Structure formats: C-alpha cells, structure tokens
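Q: generate a structure from the sequence data that follows.
(2 chains)
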2 protein chains.
Amino acid sequence: MPDTDDAKRRIAELREEIDAVDCELVRLLNRRATIALEIRSLKPSAQLGLYDPKREEEIFAHLASCNEGPLYGENLREIYEAILHVMKELRG
Amino acid sequence: MPDTDDAKRRIAELREEIDAVDCELVRLLNRRATIALEIRSLKPSAQLGLYDPKREEEIFAHLASCNEGPLYGENLREIYEAILHVMKELRG
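A: Okay, here's the model as predicted:
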C-alpha cells in the first residue's frame, strides 16, 4: 500500500491524464455533432425521415464491435443514449 | 438542393465517418475508465472518499474550457452526467 503522500501525488497525475482524455472526448463529440448536422441537412433531399430507429441499432452494434473493455456494452449504451439524445436536439 | 441519389450517397459516406468517430470515442471512454479505476484503487491510501463533488465541478469546468462547439456547455454536461454515472458504477 503506497503512503498517503505518494497516493495523493499519483492521483493528481492520473487526474491530469483524465483531463487530457476529456478534452479529446470533447473534440470528438463536437466532430460527431458537426457530421450529424450535415446528415440532418441532407435528409429532406434524400427523402429520409429525421428519426431512424434502424440506424440507431446499427450504431449500438457498431459500438459493441469496437469495444475492447473495461467498459461493458451496457455502459456504452447508457453513455450513447445521452449522446444520441443530445445529437437529436442539436440546434444547427 | 442535391438530388435524392446524391444525398443518399453523401449520407452513407458521412455515416462511415460517424462510425470511425464512434470507435475512437469508445477507445477514449475505455481509456478514461481504466484511469478512473486506478484512481479509485488509490483513494483509500490517499485517505480520500470515493465520491468527491468538488472534483466533479472541476471536470465540468475543464470541459467548458476546451469546448469549441458546435455543442453547448449544457449538451456536454448532459453527456458527462451519463459518463460520470457509468464511471462511478464500474466494476473494477
């Protein structure tokens, strides 16, 4: 068991790593939103409805196909329900 | 306005881009989970409680600091509430 100061120092380092990962996540979520807005703008021309439950199932299947853990499929599903909800409500 | 086939083709391309972004998001979410599990394992040695509302506020402030849009702060907050909930419930 590391001593208290060592553990605190290591936690501070790991939190910096989390902050870096979070900025990268924000960048990718914004990238995803930009593409989603472009898709939405094309849907009337493509004669597609704005909401497509089949596509949503495709997205969940794709997530599972590239998941190497430690998150479980159900964890990703919970996070993606929030992501897809936000994408649907986006003001373009 | 693009014709129907052009619009459908372009949507298919954009969905491939979304799929690539999603795999990258899955990779980063798993990386975040790995670091979060390491932090959790150090908290008893550091004499820190498992839940730290101050750290949560720090995370939200940090997200806002690296957000360049088109997502709004409130969109990121909605997504991160799901992410932080999942991280808290992780089985290590």
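Q: please count neighbours and contacts with C-alpha atoms only from this point.
A: Noted.
Q: got the domain ranges for chain A?
A: Each domain of chain A is listed here as a residue range: A:1-48, A:51-92, per automatic domain parsing.
Q: do the shortest one and chain B meet?
A: By that I understand domain A:51-92. Yes. Counting by Cα under 8 Å from any Cα of the partner chain, chain B has neighbours in domain A:51-92: A:59, A:62-63, A:66-71, A:75-76, A:78-79, A:82-83, A:86, A:90.
Q: only whichever of those are buried, select them in ChimeraX.
A: This is how ChimeraX selects the buried members of the residues of domain A:51-92 next to chain B, with burial counted by 16 or more other Cα atoms under 10 Å in any protein chain shown:
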select /A:59,63,66,67,69,70,71,75,76,79,82,83,86,90
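Q: mind listing which of the residues of domain A:51-92 next to chain B are in helices?
A: A:59, A:62-63, A:75-76, A:78-79, A:82-83, A:86 (DSSP state H).
Q: deepest of the domains of chain A, which one?
A: Comparing these on average neighbours per residue, with mean count of other Cα atoms under 10 Å in any protein chain shown, the densest one is domain A:1-48 at a mean of 17.
Q: any idea how far that domain is from the chain center?
A: The chain centre lies 7 Å from the centre of domain A:1-48; the measure is Cα atoms, centre = their mean, to the nearest Å.
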